[in-house]
Each structure stands twice: as structure tokens, then as C-alpha cells.
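Student: Please work out how this folds:
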Amino acid sequence: MTHMTAISDNPYRLKIEPIEALPTPELLARYRAGLENFDRRLFELSDEQADQAFVPEAEVGRWPVRTLVGHLADAELVFTHRMRKAVAEENPLVSPWDENAFIDAGLYDGGQHPVPAFVAVIHTLRRFTASWLQTLSDDQLARRIMHPQWGELSVRRMLAMTTHHLEHHARFLNAKISRILGPAPAEDPAPPAGGCGPACGCHKR
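Tutor: Numbers count the residues shown, from 1 in each chain. This next block holds a predicted model:
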């Protein structure tokens, strides 16, 4: 059996607790700045490089760059809709999101889905949603959805989750780009080890 590094041992993993503990204005600022976590060389990748998969031993996640960025764009859609649904409706029940079904359906396959288009979705939704979130009262941020697996989730909790989700995956994304193009100039040292919740599904990559 091939040796697999324990989930908590991977240096690219990011803990959610420090993000969730931020004061709300700081959390919103961090959410808005999400794309700043991406290695800008993402836009230099060829289609072949963007579709390169990785073996488990590389410990940077198996998904190709295009798949990962497409997943992040869809995650923004999901989180934005859930937060808005929580504010608009009374304790709405939401369905789980099967991220692997999106991959199996070919929604991120090949050059017909340009990486910059996925990035544009993330940018637009973050700007739109951050501006809206800033208008919410504390009571509105406390409004909740019901999730079959996670139970009650407040708007603020989901804000922390989506902020963590993008930053966490950005670390893996940047590690993939460095594997393809070499280390970025003045690249920061590897982040400290941390944990990842079951919602992320990163252990499947």
C-alpha cells in the first residue's frame, strides 16, 4: 500500500478557527481579498499545464489547476446563494453539494472552460457579496440555514467557511503552480500545518 501523508501533516492545510475568530469587519476584509491569495502565474499556464493531474505522492492535491479553480468558482455560487437564502427565508433547508459529481459530469474538462473565466466568477461574486454583507445587521448575520450534514449554519459561520475554503485551496493551487513553473519569486515559506473540515473533501483529491 502506498504511504499517504496524514491529512493534518500536509503543510498546505489551513485552520478555520483563527479566521472565524476575527472581528466581523476584519473577516469581511479578508473575504473580499480572497483572490489576492492566488499565484498570479496562474494566467501563464498553458491548457496542457492547467489540465495536468498530480499523483498523491506530490501532496499538492490530485485535481488539475483548471478543476480546482472551477471548483472554487462553483463554491462561491453555493456559499453566496446559501447566505442570501438564510437572510431571506426562515431557517431554510438546503441540500448537500456533491462536488465530485460536478467533476464526473465534465463541468471543468479541457480548454473549453478557460481558467480566467472561473477567476472572473470568483472576483465578481466576492465583490458583490462583500458589499451586500457589509449592509447586514448582527441579527441578520446570525440568521441560519439548516444543512443535513452540518446542522444549523449562521450567515457569519458560512462567511468564515467560504473565506477559509478559498484560502485553503489557494495554498494547494499555488503549490501546484510551483510544481509546474518552479517557485514563485520571493515565495512565502510553507504555511503551518492545520486541519480541514469534512465539508472541504480535500482528502479525496
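Student: tell me, how many neighbours does the closest residue to Ala50 other than its chain neighbours end up with?
Tutor: Closest residue to Ala50 apart from its sequence neighbours, by CB to CB, 6 or more residues apart in numbering: Arg66 at 4.3 Å. In this view, the C-beta of every residue, glycine as well, is placed from N, C-alpha and C. Arg66: 22 surrounding residues under other CB atoms under 10 Å.
Student: Quick check: buried residues in the helix or strand Arg66 falls within?
Tutor: For Arg66, the host element (DSSP states H and E) is helix 65-88. Across helix 65-88, burial judged by 16 or more other CB atoms under 10 Å covers 65-76, 79-80, 82-83, 86-87.
Student: Mind giving me the packing neighbours of that helix?
Tutor: helix 47-50, helix 99-104, helix 115-133, strand 144-147, strand 151-154, helix 155-181 (3 or more CB pairs under 8 Å, 6 or more residues apart in numbering; DSSP states H and E).
Student: Check those for me and report the most buried one.
Tutor: By mean neighbour count, with neighbours taken as mean count of other CB atoms under 10 Å, helix 155-181 ranks first of the helices and strands packed on helix 65-88 at a mean of 22.
Student: ok, the nearest residue to Leu68 once chain neighbours are set aside - contacts?
Tutor: Residue nearest to Leu68 in three dimensions, not counting chain neighbours: Leu173, with 5.5 Å by CB to CB, 6+ apart. Shown in contact with Leu173 (CB atoms under 8 Å, 6 or more residues apart in numbering): 38-39, 42, 65, 68-69.
Student: And Phe128, by the same measure?
Tutor: So Phe128 contacts Thr80 (CB under 8 Å, 6+ apart).
Student: Against Phe54, how distant is it?
Tutor: Distance of Phe128 to Phe54, given as CB to CB, to the nearest Å: 32 Å.
Student: and what of Thr80?
Tutor: For Thr80, the distance to Phe54 (CB to CB) stands at 29 Å.
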